[in-house]
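[1] Fold the following, please.
(2 chains)
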There are 2 protein chains.
Amino acid sequence: MRQYEMFELSFEGPQPEESEALTDITAEFTCGEDTWKVKGFYDGNKNYKVRFLPQKLGTYTWKVSGVVSEEGSEECTSSEKSHGMVQVEGNHFTYQDGTKYLPFGTTIYALVHQEESLIEETFQTLEKAPFNKVRHCIFPKSYDFNHNDPQYYPFEKDADGKWDVNHPCYAYWKHLEENIVRLGEMGIESDLILMHSYDRWGFAFLTMEEIAVYVEYTMRRLAAYPYIWWSMANEYDFLFNHKMEDWYEIEKMITENDPYHHLLSNHNGMKIYDFSRPAITHCCLQTNAMHKAADWWNQYQKPVIFDECCYEGDIEHEWGNISAFEMVNRFWKACAVGAFATHGETYYSEDEVLWWAKGGTLHGESPERIAFLKDFMYGLEDALEPWSEPMFEEFNNVTEQIVPGELPPFVQLMQSLTPEESENLKWKSAAYTGHYKENIYLKYFGNQRPRVAAIRLPKEHFYKVEMIDVWDMTRTVVEEKVSGKVLLTLPGKEGIAVLATRVNQ
Amino acid sequence: MRQYEMFELSFEGPQPEESEALTDITAEFTCGEDTWKVKGFYDGNKNYKVRFLPQKLGTYTWKVSGVVSEEGSEECTSSEKSHGMVQVEGNHFTYQDGTKYLPFGTTIYALVHQEESLIEETFQTLEKAPFNKVRHCIFPKSYDFNHNDPQYYPFEKDADGKWDVNHPCYAYWKHLEENIVRLGEMGIESDLILMHSYDRWGFAFLTMEEIAVYVEYTMRRLAAYPYIWWSMANEYDFLFNHKMEDWYEIEKMITENDPYHHLLSNHNGMKIYDFSRPAITHCCLQTNAMHKAADWWNQYQKPVIFDECCYEGDIEHEWGNISAFEMVNRFWKACAVGAFATHGETYYSEDEVLWWAKGGTLHGESPERIAFLKDFMYGLEDALEPWSEPMFEEFNNVTEQIVPGELPPFVQLMQSLTPEESENLKWKSAAYTGHYKENIYLKYFGNQRPRVAAIRLPKEHFYKVEMIDVWDMTRTVVEEKVSGKVLLTLPGKEGIAVLATRVNQ
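    Here you go, the predicted model:
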């Protein structure tokens, strides 16, 4: 038994008489004064398993009861490879052992539903790619470019040809786990999507009772893997057969059956999920409103991931045909303010193998730039938070006529804007600025192309200033020791960032 | 006297004892059963003028009264050069004589406040540029890059050194008129801005009484020129000393003193003016929310001009550093749905001569592409209107579960969106599609880069389909005779439009 690594016990037991999904097997793991209760699961062929994710070092005693009665003890030593689960810390993430983790995800919805040779190709690609999180689905996907049937389905069918959630397809789950483990060992988190609407087999139409069985079995089998995040759904609001209350119920099914509190969120089509709910650990957003990261952080006080902000590609759909530059641009817009983004690639291909759903080989120009950004962000002293560059005050001095006792007229004007006017303005004047304490300031200009610009740093400290070209992947020191408002000469092109790092006086 | 050309009478009279702006001189022009009453103005040096813009052909008698008493008659013949004022027709514009006019404007705020040599250079540039409207100001401009003082100011100062609106500076107005006339004779409308906040001389702080005098004098002098539009202000909402009621009052000052009802609007900083007001002829917008053109057209039923949607350039300000492609992109987004856009250029220059304020020479790459677009739009059979391509129905069939008697779930979902969610979605999925009857369909993909796409044409007619590359300025026939949903192979780059023109069966 190793801390932060999945520990598994295996037993022979009776063939289940009722549900094969919700069998009567539980276990208690005790270490010192702490006890964890977990449920085991049936894995077919009279085989029962109990999985456990040890949270601390020490000597554990365990006791299994139900259809199997066994007990034993294990010494839990420290892991040489696992940093534990990824957890939330403020507006960002860390591994449980304190190791830095900044999500740079990609999207391969139907990763595990492809032929073995294609999955192998995908892993070869991931070996060289920067991504440390993959959004992928438990259920297979039916959609444009997704007309192939998977090798396995999560359930067997009953005598009426209907999916029987009480009869898992063990080959499917073994296959899924192998892929999750392989990703995990590569340092890639599985952001595992439990439900979605792109379906032609019926998985999108399970009843709430069936979903409860499916979710509990999923938790019993998978929750002990450290590198899993739960994504309740992809585009939950497009599952029109479910009301909002259903999602709250599903949320509860997960939290009640996940002893370790993996990261949990819910991905929207159009209607953003209520991330303020206590069980939700972070904001999982489909939107290209990158400029609103700070708003969402302020609103929810949880990390913000733009898990779908369109994909580099050239297919018909507007969510799948942005340029490589625009993909990179959106990553920088997110990261500059302490948020995160997720990649996807949808280049049209006659063979219908598009990365976003099936994996394979990456063809785009954004991944190497995302790698550059990832190195850049990991190289910073700590995670960033949104920064309001103090330029507004300057502006006030120049043009405002302030009446004592009244708000400055500019503030009054902004308060009088309709939501529509306010949104339009934000799209236009969005600045992407983040900081870490008074040590680091990052300003990303995005589509703006200033040849002359300024960054307004604290007057009390000195900073080294670097200019980053996010497309050419260059990083140039432009000032060695400056403070206060610093005027900069820039190349007058899109995709320029400026980094100020505090230096000793 | 020529129809649609300014007709001027000039008289000697007494030196005004009170206001030199609001002198007692009126005239009646009668032609058949129609009579126009206009006010004359004092032009200094005991010289009074009456200006008149004949709206119809025929024999006119005129009678001047007040400080001057004269009468006479004139034969009004048809003009060989003027098409009359630009007027509104539906969601677009035409000249009074029915000649097509599609605004392709540019911005030179302080055009008339520069040295003669620079103004001359500006006109040389305009000779070769595509622009047929210029937004420029009566008052001089004080701002970044605008530190020079003009040769003339609109008013003389009184004994206390305060601007005296009752004492116009005649040299200023003569100079302004010469420039307006020169523009007009080149086919360029003056979108004349009466007020703005970028001021260091005090023109932004006139009282309402002073504004009334200033506006009336402006109308008396300038209203008879056919090629003038009134823009009440540039960024009216940044004139913090004025409340909304003041603008309604100023609107009234203009309409009551303009006998010809020139085009009239008001340009916003952040808060869009109420274009539904009866006197307002069109929507004059500062915004880069190009996707909302159809919304505004539907809301106001008046032509939509994006009179400021950021400028091609590289200065610090976010409104002045977009790429040439993005400037062109925004023009196409507007024009594709039957709206219009206005150009501006702000390339940083040591000599502080930036086109947007001072004119001079254009350095950017957008004007020649705007010329290409202008030729393209003028080449269409008629002005476009927004078109909702019928793709939603298709979508319904694929993914919706419609309950009889209820709205389709997708519609229900969209109705449940918050304004914020709705805005974000529009930015993402914006399609730029316009049509003229069933004769012309235009679809502009903007930043989308589909390699495969479709246009959904009526099944009842046949169409020729052309692909336009808005940057390379090429136009290629891709289908000679098609109908219904047409699948297209496109180059997978930004800035592609598709035009379908109806052909005989």
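
[2] tell me the secondary structure for residue A:8?
    Secondary structure assignment for residue A:8 (DSSP: H, G, I helix; E, B strand; the rest coil): strand.

[3] what is it paired to in the beta sheet?
    residue A:51 (DSSP bridges).

[4] Look up how far residue A:45 lies from it.
    The gap separating residue A:8 from residue A:45 is 16 Å, by Cβ to Cβ, to the nearest Å. Every C-beta, even on glycine, is put in place using the N, C-alpha and C of the backbone.

[5] so how far is residue A:285 from the closest residue to chain B within the stretch 151-300 of chain A?
    Nearest to chain B in the stretch 151-300 of chain A, going by Cβ to the nearest Cβ, is residue A:240, at a distance of 3.7 Å. Residue A:240 sits 21 Å away from residue A:285, taking Cβ to Cβ as the criterion.

[6] Compare the two and say which is more crowded by neighbours.
    Between residue A:240 and residue A:285, counting by other Cβ atoms under 10 Å in any protein chain shown, residue A:285 is the more crowded of the two (28 against 18).

[7] Look up how far residue B:317 lies from that one.
    29 Å.

[8] what does the stretch 251-400 of chain A put close to chain B?
    A:269-272, A:287-289, A:292, A:310, A:313-316, A:318-319, A:321-323, A:326, A:347-348, A:399-400 (Cβ under 8 Å from any Cβ of the partner chain).

[9] follow-up on the earlier one: residue A:8 and residue A:45: which is more packed in?
    Between residue A:8 and residue A:45, counted using other Cβ under 10 Å, residue A:8 has the larger neighbour count: 12 against 8.

[10] Quick check: the more buried one touching residue A:51?
    Yes: using Cβ atoms under 8 Å, residue A:8 is in contact with residue A:51, at 5.1 Å.

[11] Overlap in contacts, those two.
    The contact sets of residue A:8 and residue A:51 overlap at residue A:224 (Cβ atoms under 8 Å, 6 or more residues apart in numbering or on different chains).

[12] remind me which residues of the stretch 201-350 of chain A are low pLDDT?
    The model of the stretch 201-350 of chain A has no residue with pLDDT under 70.

[13] Tell me which residues touch the residue nearest to residue A:348 when sequence neighbours are not counted, please.
    Spatial nearest neighbour of residue A:348, excluding adjacent residues (Cβ to Cβ, 6 or more residues apart in numbering or on different chains): residue B:451 at 4.7 Å. Shown in contact with residue B:451 (Cβ under 8 Å, 6+ apart): A:314, A:315, A:321, A:347, A:348, B:489, B:490, B:491, B:492.

[14] so the fifth one makes contact with residue B:449?
    What that stands for is residue A:348. No: in this structure, residue A:348 is not within contact of residue B:449 by Cβ under 8 Å, at 10.3 Å.

[15] higher neighbour count, these two?
    Neighbour totals were compared for residue A:348 and residue B:449, and residue B:449 leads with 24 against 18 (other Cβ under 10 Å).

[16] How about the residues of the stretch 401-505 of chain A by chain B?
    Counting by Cβ under 8 Å from any Cβ, the stretch 401-505 of chain A sits next to chain B at A:401, A:409-410, A:413-414, A:416-417, A:419-421, A:423-425, A:427-431, A:447-454, A:492, A:494.

[17] follow-up on the earlier one: gap between the residue nearest to residue A:348 and residue A:205?
    Using Cβ to Cβ, one gets 34 Å for the distance from residue B:451 to residue A:205.

[18] Check residue A:99 too.
    In terms of Cβ to Cβ, residue A:99 sits 41 Å off from residue A:205.

[19] Great, nothing more from me.
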